[in-house]
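> Here's my sequence, what's the structure:
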Amino acid sequence: MVRVGVRTELSAAPDLEVVGEAADVAGAVDAVRRFRPDVVLLDVHLPLGDGDAPAPGAGSGGAEVLARCADLLTGEGAVRFLALSVSDAADDVIAVIRRGARGYVTKSIGGTELADAVRRVADGDAVFSPRLAGFVLDAFGAMTGEVAAADDELDRLSAREREVMRLIARGYAYKEVAKELFISVKTVETHVSAVLRKLQLSSRHELTRWAAARRLL
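Residues are numbered from 1 along each chain as shown. Next up is the predicted model:
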């Protein structure tokens with residue numbers, strides 16, 4: 001439904017042509033390589049396909065697409081990526097910008113503004129939603145060391161483990177996490193154990209403090 005709405009809005013602009021779309025990471029990578037568009041409007045939390053696994057440290061689905069298309073980001077005919085997300089969490093923004101996205105806007109953006117953002121990225125500009133611009137400058141300035149440290153630790157976790165980690169750190173019960181992510185309670189327990197082991201933590205309380213200190217909540 002979201003893709004239909006975005007496609008309708010962009011197709012209404014006479015100077016923009018939507019050449020393809022995809023429902024998961026593998027489909028997105030295939031479409032990018034097949035169509036070589038000027039701009040890719042990339043869902044930060046694009047799901048992985050069945051049986052697909054993220055590259056080490058890739059993180060979200062959007063960052064995974066960027067990792068698999070790294071060779072297309074530079075040189076003649078480079079493809080530019082504009083990230084689109086409901087989230088403005090620090091690690092979500094930083095992950096895709098560090099991997100090469102030229103901008104980041106949230107899904108609260110209007111159709112006209114989104115079309116303009118696509119045009120600006122196509123022209124080589126960096127585009128961010130107003131409330132994210134200052135944050136991005138801070139993140140890549142005084143906070144560079146802090147963000148890099150958080151990235152190093154997050155690289156130990158798979159994309160699913162990060163999702164579980166955030167919800168558990170925010171106080172969700174195992175059953176609530178299972179319902180939110182459409183997985184079993186047993187699977188949640190397995191992921192939590194893996195997260196605590198990889199981060200060398202001993203409890204949910206320590207996990208919440210760890211996530212809060214790194215601005216991941």
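> what about the residue most central in space within the chain, distance to Arg166?
Central residue of the chain (CA atoms, centre = their mean): Val44, 3.0 Å from the mean position. Going from Val44 to Arg166 by CB to CB, to the nearest Å gives 14 Å. Yep, even glycine has a C-beta here, placed from its N, CA and C like the rest.
> And Leu10, by the same measure?
The value you get for Leu10 to Arg166, if CB to CB is used, is 30 Å.
> Also Leu41?
24 Å.
> Check which residues of the longest helix anywhere in the chain are buried.
Across the chain, the helix with the greatest residue count (assigned by DSSP state H) is helix 185-199. Neighbour-count burial for helix 185-199, counted by 16 or more other CB atoms under 10 Å, picks out 187-188, 191-192, 194-196, 198-199.
> what's the closest of the residues you listed to Thr74?
Comparing these against Thr74 with CB to CB places Lys198 closest, at 32.5 Å.
> show me where the chain has strands.
Here the chain has its strands, by DSSP state E, at 39-43, 80-85, 103-106, 127-128.
> quick one, helices of this protein?
Taking DSSP H as the criterion, the chain carries its helices at 2-11, 25-35, 61-68, 90-98, 111-122, 130-139, 144-154, 159-169, 174-181, 185-199, 204-213.
> just how off-centre is the fourth one within its chain?
What it means is helix 90-98. 7 Å (CA atoms, centre = their mean, to the nearest Å).
> That helix - contacts with which helices or strands?
Helix 90-98 makes packing contacts with helix 61-68, strand 80-85, strand 103-106, helix 130-139, helix 144-154 when contacts are defined by 3 or more CB pairs under 8 Å, 6 or more residues apart in numbering; DSSP states H and E.
> Between the helices of the chain, which one is closest to Val19.
helix 25-35 (4.7 Å).
> Please export the C-alpha coordinates of that closest one as PDB.
Once non-C-alpha atoms are left out, helix 25-35 reads as follows in PDB (Å, rounded to 0.1, in the frame of the first residue of the first chain):
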ATOM      1  CA  VAL A  25      16.100  -6.600  -0.400                       C
ATOM      2  CA  ALA A  26      16.900  -9.100  -3.200                       C
ATOM      3  CA  GLY A  27      14.200  -7.700  -5.400                       C
ATOM      4  CA  ALA A  28      15.500  -4.100  -4.800                       C
ATOM      5  CA  VAL A  29      19.100  -5.000  -5.600                       C
ATOM      6  CA  ASP A  30      18.000  -6.800  -8.800                       C
ATOM      7  CA  ALA A  31      15.800  -3.800  -9.900                       C
ATOM      8  CA  VAL A  32      18.600  -1.300  -9.200                       C
ATOM      9  CA  ARG A  33      21.100  -3.200 -11.300                       C
ATOM     10  CA  ARG A  34      18.600  -3.900 -14.100                       C
ATOM     11  CA  PHE A  35      17.200  -0.300 -14.400                       C
END
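> Nothing else from me, thank you.
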